[in-house]
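> return a 3D structure for these sequence lines:
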Amino acid sequence: MKSSITVFLLGLFIIGLGQTVEAQDRKEAVQTYNSAREMIQSGDYDQAIEQLKKAIEVGQQLGAQGKDIVERAESKMPEVYRQMALDNYRTFKQDQTIPNLDATIEAFRETKDVADEYDNSQVSDQANGVINQLLYSKSIIQYKQQNFQDALATLDEVIENDPNYSKAYYQKGIILKKIEGTDLERSMELFDQAIEVGKENNDSQIVSQATNAARDELVYRGATATENKNFSRAKELLNRALEYDSSSADAHFRLAQAYNKTQDWQEAVNHAEEALGLETGGRTDKAKIYFELATAYQGLGQKENACGAFSNAAYGNFKSPAEHQMEHELECESATE
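Model (predicted):
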């Protein structure tokens, strides 16, 4: 009988001892978690992470008794890494160098990994978005430093990470324009992609920028083709520019130039008149258009119209050549009075 009582009492003692140990372990877990919170507030993030890991470990050993501690500590972990990444970002803003930017990108990548590990989709998505923005910023710095190939590689990272990042396609097109010998079509493909993705994501700003960039590149190449007397190529490029922006005064003006060179006088008149209707600049900007219009009228044998157009063209750089045409070629009445 005494033996049974002894065993019973011993069992109660062991149970009580176990409960005491569990209570002590839970207290340790709570204290460790609270210590981590204090370290977070003071900016001692490395030590905070170690304390959170310890709180998680002790809490897991407690099973159901430590579940709440584990959940709290795990929810804090991605936040700590995000704060560390933000500190890196502040350093970069003060000194915007590639090494500082790389350190910031790496910090946000680590934040994303930790957020994924602890199933915090909100922090993970935020970090991923910031990574793309920082990579894009890196490509801009590389572009300004004329490290074009590095900039293109960085933009490829952005697109791989987020195929809907429309600015990356636009910037690749801009960079390729700067690289001598780049095929025009490659740049145009990228501008088209930027426009398409921008429309899908309601990014009107990038759609406008990519459209204007495509138009301007085609106008520039068309004007260059005219200077090189490749008039058929010039017309092809300039008409293509109008597909991006039918209201481009410059594209119509350049087409008037090209058509005058091939003596397609009526086409030159049509495009010069379109250019005049669309031109929003002052007299200097319109003088060059009037000169092309006058040249086309002269080619058509429409003396009165030609004289009137040359009169409007006689301003700035076009004053002398326009007056020469009125006085010596057309013998306009206003020029001989």
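
> starting at the chain centroid, how far to stretch 267-275?
In terms of C-alpha atoms, centre = their mean, to the nearest Å, the centre of stretch 267-275 is found 36 Å from the chain centre.

> got the buried residues for that stretch?
Going by neighbour count (16 or more other C-beta atoms under 10 Å), the buried part of stretch 267-275 is 267, 268, 269, 270, 271, 272, 274, 275. Just so you know, the C-beta spots here come from the backbone N, C-alpha and C atoms, and that holds for glycine as well.

> let me know the pLDDT of the first one.
Read that as residue 267. Note on residue 267: pLDDT of 98.

> helix or strand for it, which one?
helix 265-278 (DSSP states H and E).

> convert the C-alpha atoms of that helix to PDB, please.
Only the C-alpha atoms of helix 265-278 are listed here, as PDB (Å, rounded to 0.1, in the frame of the first residue of the first chain):
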ATOM      1  CA  TRP A 265       4.600  68.000-106.700                       C
ATOM      2  CA  GLN A 266       1.000  67.300-105.800                       C
ATOM      3  CA  GLU A 267       2.000  64.900-103.000                       C
ATOM      4  CA  ALA A 268       4.500  67.500-101.700                       C
ATOM      5  CA  VAL A 269       1.700  70.100-101.700                       C
ATOM      6  CA  ASN A 270      -0.600  67.800 -99.800                       C
ATOM      7  CA  HIS A 271       1.900  67.000 -97.100                       C
ATOM      8  CA  ALA A 272       3.100  70.600 -96.800                       C
ATOM      9  CA  GLU A 273      -0.500  71.800 -96.300                       C
ATOM     10  CA  GLU A 274      -1.000  69.000 -93.700                       C
ATOM     11  CA  ALA A 275       2.200  70.100 -91.900                       C
ATOM     12  CA  LEU A 276       1.100  73.800 -91.800                       C
ATOM     13  CA  GLY A 277      -2.300  72.800 -90.300                       C
ATOM     14  CA  LEU A 278      -0.600  70.800 -87.600                       C
END
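
> count of neighbours near the closest residue to residue 70 other than its chain neighbours?
Using C-beta to C-beta, 6 or more residues apart in numbering and skipping residues adjacent in sequence, the residue nearest residue 70 is residue 59, 3.9 Å away. The tally of other residues near residue 59 (other C-beta atoms under 10 Å) stands at 26.

> could you point out which element follows the host helix or strand of residue 59?
Taking DSSP H and E as the criterion, the element that holds residue 59 is helix 45-61. Using DSSP H and E, the next helix or strand after helix 45-61 towards the C-terminus is helix 67-94.

> contacts for the helix or strand just after that following helix next, please.
Moving toward the C-terminus from helix 67-94, the next helix or strand (DSSP H and E) is helix 98-117. For helix 98-117, the external contacting residues (C-beta atoms under 8 Å, 6 or more residues apart in numbering) are 77-78, 81-82, 84-85, 88-89, 91-92, 121-124, 127-128, 130-131, 134-135, 137-138, 141-142.

> which among those residues count as buried?
Of those, these count as buried by 16+ other C-beta under 10 Å: 77-78, 81-82, 84-85, 88-89, 91-92, 123-124, 127-128, 130-131, 134-135, 137-138, 141-142.

> so where's the chain shaky on pLDDT?
1-25, 334-337 (pLDDT under 70).

> could you redo the last one with a cut-off of 50?
7-19, 21, 336-337 (pLDDT under 50).

> helices of the stretch 151-300 of the chain, residue ranges please.
Under the criterion DSSP state H, counting those that start in this stretch, helices of the stretch 151-300 of the chain are mapped to 166-178, 184-200, 204-227, 231-244, 249-261, 265-278, 283-300.

> which of the buried residues of stretch 267-275 sit farthest apart?
The two members of these with the most space between them (C-beta to C-beta) are 267 and 275, at 12.5 Å.

> so the residue nearest to residue 157 when sequence neighbours are not counted is in which element?
Leaving aside its sequence neighbours, residue 157 sits nearest to residue 135 (C-beta to C-beta, 6+ apart; 5.4 Å). In the assignment (DSSP H and E), residue 135 maps to helix 121-144.

> list the helices and strands that helix packs on?
Using 3 or more C-beta pairs under 8 Å, 6 or more residues apart in numbering; DSSP states H and E, the elements in contact with helix 121-144 are helix 67-94, helix 98-117, helix 148-161, helix 166-178.
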